[in-house]
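J.: Have a look; sequence and predicted model below, questions after that.
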Amino acid sequence: MRIAIICEVYLPKVDGVVGRTLNLINQLLNNGDEVVVVCPQVSVPRNSPVPMIEFPGFPCVSYPEYVIGRPDQRLIQELKAFHPDVVHFLNPFAFGFQCCDLLCRSELKVPALFSFHTLYGEFVKQYSGLQGLSRVLWWLTRSYHNTADRNLTVSSVMAEDLRNRGFDRVALWPPAVDSASFSPDRSNSAMRRRLCGNHQESPLLLTVSRLACEKNVSFLTEVLRRVPEATLAIVGDGPQRAQLERRFTRYKTQFVGYLHGDELAAAYASADAFVYASETETMGNVVLEAMASGLPVIAAKAGGVSSLIQHGIDGFLFSPRNANEAAGYVREVIEVPKRHEQISAAALASVQTRTWQNSGDAVRAHYQQIIDEFAESSAAEEVRRQPGKMAALATNLLVLMFQLTAPRLADSRPISRTALEPKQVNAGI
């Protein structure tokens, strides 16, 4: 099978979507499939396991790690040369929507699968002055996703939510975690000392998150205020870091920055409990990574996270913004060893079937189904579903708005399609 994956974000960015993308690519390669990634060009080298088709772009002013690419007709030429059996639009937004417009206007006939991973329409509510864009972004996202032959998302909760919002042909991309990489066996005293800082005797809480408004990390100060004996280690980075460092000054907190590979696995396994305040997750890779590491998870009962945890059995779900409830569950696992042991054992058991092989096989089965349906229905001779002129216009205006406020890239590398050696993939923020 030949698969073209159109990525809104790709290496070297560190987040759950990129981690899921790379794990999918690895599974496809293991099956003998050929894969090419279409993505925005960035100014640093990247360790891609497959060839890339890159397009120059510009960084988003509020989140410079997010580069918005500007595709052109070369996209169609490159795809024709690659001759894909299916095109996978992975978490499309400004770049992916532009690519979809180009594909819809072209003579290239190929089945398309979209996958939904980010609540853009909900994220925008966290930013002052932008709340009014929420309905527009939901409409725009739905307009493009409904051009697809299949729409995948990563939790049963999100699948139901998308159907209720008018998304068509929705199915599940099963959650997964690498239980070999994330394991209680990864615990080590040196990492615990690093995470605890000057508070070696404190109960150690951990959160792993991109440090941005929509992740709601600041809420955890309210938990620490109610559990002052605990130390919180915050793994991750992002545009809100400086603000959060000021907010957490009065509490026992260590800002660790990004961790990868063995260090990230050791951080999970060396903590006592995992706390997570985000209310806008489609699934929550970090929750599964924590569970696979044997950590009791205390997370907000919101979004896709609630589909991962059986409350009171393999973790705890607190009502959003209810700090008393969250702190109560934290105390339950750090003060009652037997309860910690029960939750930890149940968490480990619950993730055993959530493998990347099973997850990748499910996506590959969706590819094959839409390829077969496309051929059987003579879809190549039919009019392709299109997002509509208003959606295309809105995308152009959105990109223009981002571009007018974008900082200039410090460096512009020539476009390269050379595949580099793959690296270990196991970080999910």
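T.: Structure's in. What do you need? Computed from a predicted model, the values in this text were never measured in an experiment.
J.: can you tell me which residues contact Val287?
T.: Phe274, Tyr276, Glu281, Val297, Ala299, Val305, Leu308, Ile309, Gly315 (CB atoms under 8 Å, 6 or more residues apart in numbering). Every C-beta, even on glycine, is put in place using the N, C-alpha and C of the backbone.
J.: can we see that at 7 Å?
T.: Tyr276, Val297, Ala299, Val305, Leu308 (CB atoms under 7 Å, 6 or more residues apart in numbering).
J.: So which of those belong to helices?
T.: Among the contacts of Val287, no member falls in helices (DSSP state H).
J.: which intervals of the stretch 101-250 of the chain have sub-threshold pLDDT?
T.: For the stretch 101-250 of the chain, residues meeting the criterion pLDDT under 70 lie at 127-129.
J.: Next secondary structure after the lengthiest helix in the chain?
T.: Longest helix of the chain, by residue count under DSSP H: helix 356-376. Counting by DSSP states H and E, the next helix or strand C-terminal to helix 356-376 is helix 389-404.
J.: most neighbours, which of the contacts of Val287?
T.: Ranked by the number of neighbours (other CB atoms under 10 Å), the contacts of Val287 place Ala299 first, at 29 neighbours.
J.: Quickly note the distance from that residue to Ala391.
T.: Applying CB to CB, to the nearest Å, the value for Ala299 to Ala391 is 34 Å.
J.: what do you get for Val67?
T.: 22 Å.
J.: try Met283
T.: 26 Å.
J.: mind listing the helices in the stretch 101-250 of the chain by residue range?
T.: For the stretch 101-250 of the chain, the helices defined by DSSP state H, counting those that start in this stretch cover 120-123, 134-145, 156-164, 189-196, 220-226, 241-247.
J.: Count the neighbours of Ser106 for me.
T.: 16.
J.: Run through the residues that contact it.
T.: The contact partners of Ser106, by CB under 7 Å, 6+ apart, come to Ile76.
J.: same question, the one 5 residues further on
T.: Pro111 sits next to Val86, Asp149, Ile370, Ile371, Phe374 when contact means CB under 7 Å, 6+ apart.
J.: Nearest spatial neighbour of it, chain-adjacent residues omitted?
T.: Phe374 (4.0 Å; CB to CB, 6 or more residues apart in numbering).
J.: The one you found against Ala148, yeah?
T.: No. The criterion here is CB atoms under 7 Å, and Phe374 misses it with Ala148 at 11.6 Å.
J.: So for these two, which sits in the more crowded spot?
T.: Taking neighbours as other CB under 10 Å, Phe374 and Ala148 compare with Ala148 leading, 25 against 19.
J.: The residue nearest to the more buried one when sequence neighbours are not counted: how many residues sit nearby?
T.: Spatially, and ignoring its direct neighbours in sequence, Ala148 is nearest to Phe114 (4.0 Å; CB to CB, 6+ apart). By the measure other CB under 10 Å, the count of residues near Phe114 is 27.
J.: I'd like to know how far Cys100 sits from Gly284.
T.: Between Cys100 and Gly284 the distance is 27 Å, computed by CB to CB.
J.: for Leu140, same thing?
T.: Note on Leu140: its distance to Gly284, by CB to CB, is 24 Å.
J.: Those two - which one has more neighbours?
T.: Gly284 (27 against 23).
J.: Now do the contacts for the more buried one.
T.: Applying CB under 7 Å, 6+ apart to Gly284 gives the contacts Gly304, Val305, Leu308.
J.: is it true that the last one touches Val286?
T.: In other words, Leu308. No. At 10.4 Å, Leu308 does not count as touching Val286 under the criterion of CB under 7 Å.
J.: Specify which member of the contacts of Val287 is nearest to Pro175.
T.: Nearest to Pro175 among the contacts of Val287, counting by CB to CB, is Leu308 at 6.5 Å.
J.: Which residues does Glu281 form beta bridges with?
T.: With DSSP bridges as the criterion, Glu281 is bridged to Thr118.
J.: Spit out the contact partners of it.
T.: Counting by CB under 7 Å, 6+ apart, Glu281 makes contact with Gly303, Gly304, Val305.
J.: which one of the residues you listed sits closest to Asn324?
T.: Checking these one by one against Asn324 (CB to CB), the nearest turns out to be Val305, at 19.5 Å.
J.: Hmm, the closest one is touching Val297, no?
T.: No. Judged on CB under 7 Å, Val305 makes no contact with Val297 at a distance of 8.6 Å.
J.: about what we covered before: roughly how far apart are the residue nearest to Ala148 and Phe89?
T.: 5 Å.
J.: Out of the helices of the stretch 101-250 of the chain, flag the one nearest Gln352.
T.: helix 156-164 (18.6 Å).
J.: list the helices and strands the closest one packs on?
T.: Using 3 or more CB pairs under 7 Å, 6 or more residues apart in numbering; DSSP states H and E, the elements in contact with helix 156-164 are strand 150-153, strand 170-172.
J.: Gly16: which of the ones you listed is closest?
T.: strand 150-153 (13.1 Å).
J.: Could you spell out the sheet neighbours of the closest one, each with its direction?
T.: strand 112-116 (parallel), strand 170-172 (parallel).
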